[in-house]
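Undergrad: model this:
(chains A and B)
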Amino acid sequence: MRVVSAWATPVLLLAVPTALMVEGRDGLWLGFLFVVAPLFASLATPERTAAAAGFQSFPAVLGLLVVSVIVWANLSLAGDVATWLGWPRWLGVVPAALAAGVSGVWPRASRAWLWLVPIGLVALLLPMAAMVRTSGSNPLAIWTDVASQPAFRFSPESPWVTEGRAVGPRRGLVLLAFDEEHRLTPADPRPLRVEVNDSGRVQVQEWTLAPGQSVTLRPGDRLQLDGPRRLKFEADKRVPGAPVSGTAWADSSFVPRPLRLLSTLGLGLTLLGGALALAGPAGSARPARAGAVLGGAVLLALLAWAECWAVYAVRWAPELYMGGVNGVAILELPTLVLRGSAWGLLLAGAGVVGLLALFLAGCAALRDRLTEAGGLWAGVLVAAAVLALLPLESWALMLSALGLGASCLAPLILFGPPPARSHAATWALAVGVVLFLGVTAAGKVWPPGGAVAQALVAYPALVAAPAAAAVLRVAGRPARA
Amino acid sequence: MRRGPLALLLILFALPALFLAPFDLGAARIAGVSLAWWYGGAVGPLLALVLTLVCLPR
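TA: Here you go, the predicted structure:
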């Protein structure tokens, strides 16, 4: 259960329905890895790893770094939730960090952390059950319905049609591409910037409309959004940004084949290695069968939750595609499915409470993981909370943490240090870290062009983990006489 | 590497193999849901858990 709690933190969990919504069929890979990676770690971790591997200061520091970035990612998500609710960012970060700190200081709370997992699970499954009941059909029927949709269109009852809702990113620029003629009514007085496509010639035009005035966008036009804008859309028109059709979402891939293959490998290596890094050094013994049953059941239940959440979101709220699917915004789903009911808001709140419970359970498990680093939990929390005040993408942080673990700690856990050459382990770790950071930095300085380079920069563990493993294998060979 | 983790990897990588399978095999519908979604969303993860339980020492 410790590995499952450390693994199933809100950032990783929310990434699954987001990936399923955005990537459709390809998103199944992340969901499958979400369940299999910790199971793989529990089987592949050699027994009595800590003693055998001689985890000295360098691996302990790397373990501390991996755990710190995971905590940072989750606190960053808490900040995103606060921003989504219209609050200042610190109102999400600080209470979450304080709760994680209190659970570490208060002995009774730290012993009861196992109970947080079922509490979180129930709080997440409750809104799902309510949505299944309200919709009147089971998730399989909804999936079939979604997969046979000729297009995703605004329903006349959609809040984006009736009253207008905020659309657009919290940071950066998003282009909303329109495939058909669409009447758009801004609900705020700011000017609209539109890339107008005039017979293949693109011009950026800025229009300031009087209150209540509308503008008709033509196929090929793109609306520039550099922040949230309250807009009213036209009923029965295609949702800009949504997949072309239900079949395209359910059965097609949106990524070119070479990039897809490498991305599949990269995500697989990152998550399998990251799970090994989380399970390894502190877990000196393999989990008991009862613990594995319990942990596996929790993972399966969370996967089922994520899949149902994604399918219901595509069916009942395709508007969430506008401006890019946001992991936090999909928590709003109960309010969109149970339109007009006061329960919707309460159930959306239950989802947030469930994520908080999983975060606290994850923190307790990660704190146990740090015991070898000398109990630096308070320091980790403070540093992560300060960094989380900066609005960074939580999923990117999580991938970095797992990628770092996969690049350096996972090969050492899997193969163990060569008994005859104790320094080889340090060299392997150094090679893993340097390559991981080097590829990441190179990707920032020289943005990659080709598919191979893009995948390597997105998943630096593809380069770093095999190199670290090779150092260990070469050093493990017996010396020639 | 031992057999258990290898078998788990085989179960895992059967999903991308299904995506690449000829004749769009992954899109074949069973009880209204595509084969890829059945395998990646339910059967595969369940199989992985059962295999883990079988391979763990008593």
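Undergrad: Residue of chain B closest to chain A, please.
TA: Residue of chain B nearest chain A, by Cβ to the nearest Cβ: residue B:40 (3.4 Å). C-beta coordinates here come from the backbone N, C-alpha and C atoms, glycine included.
Undergrad: What residues does chain B have near chain A?
TA: Residues of chain B lying near chain A by Cβ under 8 Å from any Cβ of the partner chain: B:1-2, B:4-5, B:8-9, B:11-13, B:15-16, B:19, B:24, B:26-27, B:31-34, B:36-37, B:40-41, B:44-46, B:48-49, B:52-53, B:55-58.
Undergrad: Counting neighbours, which of these end up buried?
TA: B:4-5, B:8-9, B:11-12, B:15-16, B:19, B:26-27, B:33-34, B:36-37, B:40-41, B:44-45, B:48-49, B:52, B:55-56 (16 or more other Cβ atoms under 10 Å in any protein chain shown).
Undergrad: Just give the nearest non-adjacent residue to whichever residue of chain A sits closest to chain B, would you?
TA: Going by Cβ to the nearest Cβ, chain B is nearest to residue A:28 of chain A, at 3.4 Å. Leaving aside its sequence neighbours, residue A:28 sits nearest to residue B:40 (Cβ to Cβ, 6 or more residues apart in numbering or on different chains; 3.4 Å).
Undergrad: so what pLDDT did that neighbour get?
TA: If you check residue B:40, the pLDDT there is 96.
Undergrad: before we move on, what about the one 5 residues further on?
TA: What the model reports for residue B:45 is a pLDDT of 97.
Undergrad: Now it: phi and psi?
TA: The phi and psi values for residue B:45, taken as degrees, to the nearest 10, are phi -60, psi -40.
Undergrad: who's in contact with it?
TA: The neighbourhood of residue B:45, defined by Cβ atoms under 8 Å, 6 or more residues apart in numbering or on different chains, consists of A:31, A:32, A:35, A:36, A:299, A:300, A:303.
Undergrad: Now do the SS call for the residue nearest to it when sequence neighbours are not counted.
TA: Nearest non-adjacent residue to residue B:45, counting by Cβ to Cβ, 6+ apart: residue A:35, 4.1 Å away. Following DSSP: H, G, I helix; E, B strand; the rest coil, we place residue A:35 in the helix state.
Undergrad: Is residue A:35 in contact with residue A:300, as I believe?
TA: Yes. With contact taken as Cβ atoms under 8 Å, residue A:35 and residue A:300 are classed as touching, separated by 6.4 Å.
Undergrad: got any residues that touch both of the two?
TA: Overlap between the contact sets of residue A:35 and residue A:300, as judged by Cβ under 8 Å, 6+ apart, is given by B:45, B:49.
Undergrad: In terms of neighbours, single out the busier of these two.
TA: residue A:35 (25 against 16; other Cβ atoms under 10 Å in any protein chain shown).
Undergrad: ok, the more buried one - contacts?
TA: The neighbourhood of residue A:35, defined by Cβ under 8 Å, 6+ apart, consists of A:296, A:299, A:300, A:303, B:45, B:48, B:49.
Undergrad: Tell me, what's the model's pLDDT at it?
TA: The per-residue pLDDT reported for residue A:35 equals 97.
Undergrad: cool, residue A:260 as well?
TA: 86.
Undergrad: and it, what element?
TA: Take DSSP states H and E as the rule and residue A:260 turns out to sit in helix A:257-279.
Undergrad: distance between that helix and the chain's centre?
TA: Averaging C-alpha positions (Cα atoms, centre = their mean, to the nearest Å) puts helix A:257-279 14 Å from its chain's average.
Undergrad: Past it, which element shows up next along the chain?
TA: Assignment by DSSP H and E places the next element after helix A:257-279 at helix A:289-316.
Undergrad: Correct me if wrong: residue A:46 contacts residue A:416.
TA: Yes. With contact defined as Cβ under 8 Å, residue A:46 and residue A:416 form a contacting pair (6.4 Å).
Undergrad: List the residues that contact residue A:443.
TA: Taking Cβ under 8 Å, 6+ apart as the definition of contact, the neighbours of residue A:443 are A:453, A:456, A:457, A:458, A:460.
Undergrad: Just the ones of the residues you listed in strands?
TA: With strands taken from DSSP state E, there is no overlap with these.
Undergrad: Need the nearest residue in space to residue 18, chain neighbours excluded.
TA: Looking at chain A here, since you left the chain open. Distances taken as Cβ to Cβ, 6+ apart put residue A:327 closest to residue A:18, at 4.6 Å, once the chain neighbours are dropped.
Undergrad: The intended chain is chain B.
TA: Leaving aside its chain neighbours, residue B:18 sits nearest to residue B:26 (4.6 Å; criterion: Cβ to Cβ, 6+ apart).
Undergrad: if I pick the one you found, what's in contact with it?
TA: Contact criterion Cβ under 8 Å, 6+ apart gives A:25, A:251, B:18, B:19, B:34, B:35, B:36, B:39 as the residues in contact with residue B:26.
Undergrad: So residue A:356 is in contact with residue A:100, correct?
TA: No. Here residue A:356 does not reach residue A:100: they are 9.8 Å apart, not a contact under Cβ under 8 Å.
Undergrad: returning to that earlier point: does the residue nearest to residue B:18 count as helix, strand or coil?
TA: Under the three-state scheme (three-state DSSP), the conformation of residue B:26 reads as helix.
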